[in-house]
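>>> Just the structure for this:
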Amino acid sequence: MLAVGFWGLHRGGMWRDEAVTYQVARRTVPQIWRLLHGVDAVHGLYYLLMHVVLAADPGHPGEVVLRLPSVCAAAVTAGLVAVLGTRLARPRVGLWAGLLYAVTPLVGHYAQEGRSYALVAAGATGATLLFVRAVREAGRRAWWWYGAVLGVTCWLHEFAVLLLLAHAGTLALARSSGKVWRGWGCAAGGVALSLLPMVVVSHGQSAQVAWLREPDVETAQELLRQYLGPTDGVYWTCLALGLLGLTRLVGRRGEVTLAAVALPLAVLPPVALMLASQLTPLYVDRYVLYALAGAPLLVALGADRVAGLLGRLWSRAVAPVPRSAALTLAGVLAILLAFAHQVPLLRADRLPGTRADNLGAVAAAVARALRPGDPVLFLPAHARGAELAYPAGFTATRDVALAEPGPESGTLYGREVGAGTLRRRLAGADEVWAVVEKYAMGGYRPRLATERAKLEVLNQQFVLREETVIDRVALRLYVRPIRVGSEESGLRVDGGRPRPRG
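Got it, this is the predicted structure:
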């Protein structure tokens, strides 16, 4: 997992979510605390953790330092998956499951993200391991450790609380005693109570996810393919083995089987979030990344069933031979073959253009095109993320709409001036550069007065001369048209494109 994580870790640019982590984590703790009262409370603990990580590099920390915690967390998760397979089945099941987790492209993707999701997966898998120990020991101390780890994990991201549903499903399949249910219930109640402050605050910030849409059957099918392997050969093989791994779902009363842990873990959190999202859209695959750990456990368990059957057939047909090591090695080679089959996907995921955008490329284009003192306009305001992540590319440029930077204003992207002030600032400019989000290039109807003023001034007083598009962002040069008498030139801007006036 470390090898997959470090492979191509420096892609040459952050995308916007990573840029938020980068610029927020470099603020002071009081500034971070102030920000969380208005936005991103769900990521507050992660930002504080990353503040410590980035502070460890006294120079100018870059992408590798930003993503390093995720790489390490993914490696820890792979190890914990292996431990679960070993304790609930046998060592070769653990080995296969850990390796399967490590070569899954979705895991490799989030192992290289400067966001909290890989850390949440590590915490959730660790909590599951502690849950299994607590069920077996039924001791108060074991439940305390389980609750503590799961509580911290939920503070890294609140949707980790859905792991409680998976663990309740495991207890139901195991037909656990009342004592075990009571111990788990006390721990679960403690986790839920500790999470209430975040739930209250984050509910007031729900406008941040207003862009989400209701998941459908196709969404569920896509998630299953991501869990088992996106290429057809790997997907169908893993699906067949995973189904075979369900053959011993229920053991003796009170016994926790590997399948009884893995199936609820892989199914219940994403299904619950998808169902809840039919009322209020909340689902994104990364929010339930931690549930992926159940899939390789089921696949490895099914492979163990096949290996046992083949071993018995070999012994009967040929001769008794020491077969355990050979079968284990055969499984490892099969996983390496699956990895080789998916290498093109993993390689493509490490290219700069594979994320939603590349703010490093935007900043580089700005550095090449702009001169010191050139006015810059960000449309909408969160397009300023490129400047916050790569300030060197915007050296000596003039942000005409900014009134107060983000750290001082307690916002992500800073507080902007009013519409009247913006018009006055642009009144004497002969040209202005605009960093524009792609969706704002046509049919954009902003609610904020300042954003409307940006569009009106650009459309009414300037014409578009140059445009460079980088992923979802365009760098545009607007110039004042040459006036002939009292009439402007015959070009205007409408929807971001110059065209003849009708």
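
>>> In contact with Glu467, which residues are there?
Ala474, Leu475, Arg476, Leu477 (Cβ atoms under 8 Å, 6 or more residues apart in numbering). Any C-beta I mention is one placed from the backbone N, CA and C, and that applies to glycine too.

>>> Ignore what I typed, I meant Trp96.
Contacts for Trp96 (Cβ under 8 Å, 6+ apart) come out as Gly85, Pro296, Val299, Ala300, Ala303, Asp304, Gly331, Val332, Ile335.

>>> Tabulate those (TSV), appending pLDDT.
TSV is the format used below for those (pLDDT from 0 to 100):
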residue	pLDDT
Gly85	97
Pro296	97
Val299	97
Ala300	97
Ala303	95
Asp304	93
Gly331	91
Val332	94
Ile335	95
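
>>> Turn the residues you listed into JSON lines, including neighbour count.
Listed next are the contacts of Trp96 as JSON lines, based on neighbours: other Cβ atoms under 10 Å:
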{"residue": "Gly85", "neighbour count": "28"}
{"residue": "Pro296", "neighbour count": "32"}
{"residue": "Val299", "neighbour count": "31"}
{"residue": "Ala300", "neighbour count": "32"}
{"residue": "Ala303", "neighbour count": "26"}
{"residue": "Asp304", "neighbour count": "24"}
{"residue": "Gly331", "neighbour count": "21"}
{"residue": "Val332", "neighbour count": "14"}
{"residue": "Ile335", "neighbour count": "22"}
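
>>> Next, the buried residues of the helix or strand hosting Gly94.
In the assignment (DSSP states H and E), Gly94 maps to helix 91-103. For helix 91-103, the neighbour count (16 or more other Cβ atoms under 10 Å) marks Arg92, Val93, Gly94, Leu95, Trp96, Ala97, Gly98, Leu99, Leu100, Tyr101, Ala102, Val103 as buried.

>>> Using PDB, list the CA coordinates for the helix or strand just after that helix.
From helix 91-103 onward toward the C-terminus, using DSSP H and E, the following helix or strand is helix 105-111. C-alpha atoms of helix 105-111 as PDB (Å, rounded to 0.1, in the frame of the first residue of the first chain):
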ATOM      1  CA  PRO A 105      -7.900   1.700  -7.600                       C
ATOM      2  CA  LEU A 106     -10.400   3.700  -5.400                       C
ATOM      3  CA  VAL A 107      -8.200   3.100  -2.400                       C
ATOM      4  CA  GLY A 108      -5.100   4.300  -4.300                       C
ATOM      5  CA  HIS A 109      -7.100   7.400  -5.500                       C
ATOM      6  CA  TYR A 110      -7.900   8.600  -1.900                       C
ATOM      7  CA  ALA A 111      -4.500   7.600  -0.600                       C
END
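
>>> Check what contacts helix 105-111 and list those residues.
Under the contact criterion Cβ under 8 Å, 6+ apart, helix 105-111 has outside partners 1, 4-5, 67, 70-71, 73-74, 77-78, 101, 117-118, 121, 226-227, 229-230, 285-286, 289, 292, 342, 345-346, 349.

>>> picking up where we left off before, starting at the chain centroid, how far to the helix holding Gly94?
In terms of Cα atoms, centre = their mean, to the nearest Å, the centre of helix 91-103 is found 23 Å from the chain centre.

>>> Stretch 209-221 too?
Counting by Cα atoms, centre = their mean, stretch 209-221 is centred 15 Å from the centre of its parent chain.

>>> do stretch 142-153 as well
In terms of Cα atoms, centre = their mean, the centre of stretch 142-153 is set 23 Å apart from its chain centre.

>>> Repeat that for stretch 25-43.
19 Å.

>>> same thing with stretch 133-152?
Relative to its parent chain, stretch 133-152 has a centroid offset of 27 Å by Cα atoms, centre = their mean.

>>> and if you look at stretch 260-268?
Remark: stretch 260-268 is offset 21 Å from the chain centroid, using Cα atoms, centre = their mean.

>>> Residues contacting that stretch, please?
Counting contacts by Cβ under 8 Å, 6+ apart, the residues outside stretch 260-268 that touch it are 84, 88, 128, 132, 162-163, 165-170, 173-174, 227, 245-246, 249-251, 291-295, 297-298, 301.

>>> now the contacts of Trp96 as CSV including secondary structure?
Listed next are these as CSV, based on DSSP: H, G, I helix; E, B strand; the rest coil:
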residue, secondary structure
Gly85, helix
Pro296, helix
Val299, helix
Ala300, helix
Ala303, helix
Asp304, helix
Gly331, helix
Val332, helix
Ile335, helix
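
>>> how about the strands in the stretch 301-450 of the chain?
Ranges of strands in the stretch 301-450 of the chain, per DSSP state E, counting those that start in this stretch, are 375-379, 398-399, 402-404, 415-416, 431-437.

>>> Poorly predicted segments of this protein, please.
By pLDDT under 70, the low-scoring segments of the chain are 59, 314-323, 483-502.

>>> Can you pull the domain assignment for it?
2-354, 359-500 (automatic domain parsing).

>>> Kindly compare burial across those and name the winner.
Here the criterion is mean neighbour count by mean count of other Cβ atoms under 10 Å, and of the domains of the chain the winner is domain 2-354, at a mean of 19.

>>> and the spatially most central residue of the chain, what does it touch?
Residue closest to the average C-alpha location in the chain (Cα atoms, centre = their mean): Arg286, at 4.6 Å. By Cβ under 8 Å, 6+ apart, the contact set of Arg286 is Tyr110, Arg115, Tyr117.

>>> And it, how close does it get to Gln226?
Arg286 sits 10 Å away from Gln226, going by Cβ to Cβ, to the nearest Å.

>>> what does Glu158 give?
According to Cβ to Cβ, Glu158 stands 22 Å off from Gln226.

>>> same check, this time on Gly38
Distance from Gly38 to Gln226, counting by Cβ to Cβ: 33 Å.

>>> what's the answer for Met14, then?
Taking Cβ to Cβ, one finds Met14 at 23 Å from Gln226.

>>> Check Gly62 too.
29 Å.

>>> which outside residues touch the helix or strand containing Trp143?
Using DSSP H and E, Trp143 sits within helix 140-156. Helix 140-156 has contacts (Cβ under 8 Å, 6+ apart) with 44-46, 116, 119-120, 123-124, 126-127, 130-131, 133-134, 160-161, 163-164, 183-184, 186-188, 190-191, 194-195, 198.

>>> So which of those residues are in helices?
The helices, defined by DSSP state H, take in 44-46, 119-120, 123-124, 126-127, 130-131, 133-134, 163-164, 183-184, 186-188, 190-191, 194-195, 198 from the contacts of helix 140-156.
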